[in-house]
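Engineer: With the input below, show me the fold.
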Amino acid sequence: MRDNQRPPEGDWATWLILAGRGFGKTRVGSETVRRWVQDFPFVNLIGATSDDARDIMIEGESGILAICPRQERPAYLPSKRCLEWPNGARSLIFTADEPERLRGKQHMKLWCDELGSWRRPEAFVQAMLGLRLGALPQAIVTTTPKPVRLIRELMADIGTVTTRGSTYDNRGHLAPGFFARIINRYEGTRLGRQELNAELLDDVEGALWSGELIKAARVRKAPDMARIVVAIDPATTSGEDSDETGIVVAGRGVDGHAYVLRDLSCRLSSNGWGNRAINAYREFRADRIVAEVNNGGDLVEDVIRVIDRNISYRAVHASRGKVVRAEPISALYEQKRVHHVGLFAELETQMCSFVTDNFDGSPDRVDALVWALTELMVHREPTPNIRFLSI
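Structural biologist: Numbers count the residues shown, from 1 in each chain. This is a model prediction of the structure:
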């Protein structure tokens, strides 16, 4: 193994490997698990999805079954979601798509793969809460770098040792055709910088928002509000694998600018997100709840009216594409007429990843933001009584 594939010295808590495609991240993870189970009986694995855990971490060409000598090779028990090692050690297999399965589970050591692609970042929180057995609990995280909050927080943690590497580091072990077709095609491009050179890019090319744009207009406190709305972009289903319901509270200040006051997006049942939206309506003394009804039909209003029939409510219909609706709002940001009151990490990450022809997942938070600001700044109504905020 190369020097940048060997575990760092010291009593670190997390070894974060940010590396490009073909660097050998899976091999490093597999070898680390193989070494750990010689001394620790509880070394567990978390893949981005169940398929990834099986096809890459366990059965892949650089996975655990492939790299272990016959006498050390574990028995893979898919029905029990575990590996049983010859020396009695046991590795439980989890997926980031099911964070609730991690609740209450304990680990001595962990291998987390492709953290930047986890759809449910809360799975990492649950994993870390369970990493508490033994004298030195540790995790190895192998991932292609993506500008998500989870990776940034991990890099900033004093217990993290970060190893950087590119596809070129492992060129001698990759097929020549890979370089001829893939490297030459993407070398020098933005995608190549992320996937090959392992650069942590702040913004996504073509995105309607950038981190700098949002940061430049951020404020600590909002002025008095002329109008406040709560916007909902409802998920059509509920459950761990469902999309989030976007809920954003925003207001138009007496200065004519818009202020994003709260991101309350969640993955809850209709009763759960309904109560959350109405509580925000009352807390902020909002004028109206606005909600997209293309997918939910009358569901949203029914949910709202069951909880409080006196809520001021407007249904909005998406007659145009998401990008077309978002472009006027993006322009307001460029004009510095929209301000975030504090930091909204998940919302801002989604905004900076929202591009014309691609988005990984449903942009629920962005949709709710766009509906709120459209109501306040595009389809303006007469100004009611001024509200004084203390947030």
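Engineer: can we go C-alpha only for contacts and neighbour counts from here?
Structural biologist: Will do.
Engineer: Residue most distant from the centroid, this structure?
Structural biologist: Q71 (39.3 Å; C-alpha atoms, centre = their mean).
Engineer: Please name the residues that touch that one.
Structural biologist: Neighbouring residues of Q71 by C-alpha atoms under 8 Å, 6 or more residues apart in numbering: P86.
Engineer: wouldn't K25 be in contact with P145 here?
Structural biologist: No. The pair K25 / P145 is not scored as a contact, 11.9 Å apart, by C-alpha atoms under 8 Å.
Engineer: joint contacts of those two?
Structural biologist: A19.
Engineer: For the stretch 201-350 of the chain, give me the ranges with low pLDDT.
Structural biologist: Scanning the stretch 201-350 of the chain with the threshold set as pLDDT under 70 gives 201-206, 236-242, 294-297, 318-321.
Engineer: change it to 80
Structural biologist: 201-207, 236-243, 294-298, 317-324, 345, 349 (pLDDT under 80).
Engineer: So A250 versus L332, what's the distance?
Structural biologist: Separation of A250 from L332 (C-alpha to C-alpha, to the nearest Å): 14 Å.
Engineer: Over to A96?
Structural biologist: Taking C-alpha to C-alpha, one finds A96 at 36 Å from L332.
Engineer: same check, this time on T49
Structural biologist: For T49 relative to L332 (C-alpha to C-alpha), the value is 38 Å.
Engineer: ok, back up a step: higher neighbour count, A96 and L332?
Structural biologist: Neighbour count, other C-alpha atoms under 10 Å: between A96 and L332, A96 has more, with 28 against 17.
Engineer: now that one: how far from W15?
Structural biologist: 18 Å.
Engineer: What of L83?
Structural biologist: Relative to W15, and taking C-alpha to C-alpha, L83 is found at 22 Å.
Engineer: So what sits opposite L92 in the bridge?
Structural biologist: C82 (DSSP bridges).
Engineer: check contacts around it.
Structural biologist: Counting by C-alpha under 8 Å, 6+ apart, L92 touches F42, V43, N44, L45, R81, C82, L83.
Engineer: Quick check: of the residues you listed, which lies closest to L208?
Structural biologist: L45 (36.4 Å; C-alpha to C-alpha).
Engineer: Let me know the secondary structure of that closest one.
Structural biologist: strand (DSSP: H, G, I helix; E, B strand; the rest coil).
Engineer: beta partners for it?
Structural biologist: Residues in beta-bridge contact with L45 (DSSP bridges): I93, W111.
Engineer: show me the contacts for it.
Structural biologist: Per C-alpha under 8 Å, 6+ apart, neighbours of L45: A53, S91, L92, I93, F94, L110, W111, C112.
Engineer: Do you know the pLDDT at it?
Structural biologist: The model reports L45 with a pLDDT of 98.
Engineer: before we move on, what about M1?
Structural biologist: For M1, pLDDT reads 67.
Engineer: likewise the one 10 residues further on?
Structural biologist: The score at D11 is 90. That number is its pLDDT.
Engineer: how deep is it tucked in, by neighbour count?
Structural biologist: D11: 12 neighbours (other C-alpha under 10 Å).
Engineer: can you confirm it is in a helix?
Structural biologist: No. Counting by three-state DSSP, D11 is not found in a helix; it is coil.
Engineer: just checking, it touches L136?
Structural biologist: Yes. Under the criterion of C-alpha under 8 Å, D11 makes contact with L136 at 7.4 Å.
Engineer: Can you give me the separation between the nearest residue to S117 once chain neighbours are set aside and F284?
Structural biologist: Spatial nearest neighbour of S117, excluding adjacent residues (C-alpha to C-alpha, 6 or more residues apart in numbering): A48 at 6.5 Å. As judged by C-alpha to C-alpha, A48 and F284 stand 37 Å apart.
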